[in-house]
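Student: predicted model follows, preceded by the sequence.
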Amino acid sequence: MKKDAIKELIAEAYSALKFSYSPYSNYAVASALLTSDGTIFKGINIENATYGATICSERVAVSKAVSEGYKDFVAIAVVTADKESMPYPCGICRQVLSEFSPNMLVIVAKNETLYKALKLSDMLPYKFELKN
């Protein structure tokens, strides 16, 4: 993926950040999921007072995409308002993403120029799989 496309995907994620519902952790996260046909689905974290019902931005984006019939993903950019940390996807999100596109690119960014781009399969080398 070219640098300009990565920066554009990061910018798309940042455009969704203002919608994060994170009153408990105050750790706003947003993501932009790129499908194989170029469609982008954005997600934000949505917290809940019970914490267990909280959903991460990556799973919101995947849920939106799959509910619209998309299942082939090229990349996801994940950003946060916290400029001190890289917003790596949690284990659950890595597993959910790998269900659809285990070799997709995962971009974690502190800003539009300071980011890391990693293959999901490197971040989750032993994904859970059901074998028939």
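Tutor: Okay, I see it. Residues are numbered from 1 along each chain as shown.
Student: okay, which residue is most central for this structure?
Tutor: Closest to where the C-alpha atoms of the chain average out (Cα atoms, centre = their mean) is E58, at 3.5 Å.
Student: that residue belongs to a strand?
Tutor: No. Read with DSSP: H, G, I helix; E, B strand; the rest coil, E58 is helix and lies in no strand.
Student: got the phi and psi for the closest residue to it other than its chain neighbours?
Tutor: In space, and not counting its chain neighbours, E58 is closest to C93: 4.0 Å by Cβ to Cβ, 6 or more residues apart in numbering. The C-beta positions use only the backbone N, C-alpha and C, and glycine is treated the same way. Main-chain dihedrals, C93, degrees, to the nearest 10: phi -70, psi -40.
Student: identify the residues contacting C93.
Tutor: When contacts are counted by Cβ atoms under 8 Å, 6 or more residues apart in numbering, C93 is found next to C56, E58, R59.
Student: tell me the one of those residues nearest I10?
Tutor: E58 (14.3 Å; Cβ to Cβ).
Student: show me the contacts for that closest one.
Tutor: By Cβ under 8 Å, 6+ apart, the neighbours of E58 are S31, L33, G43, I76, V78, P89, C93, V96, L97.
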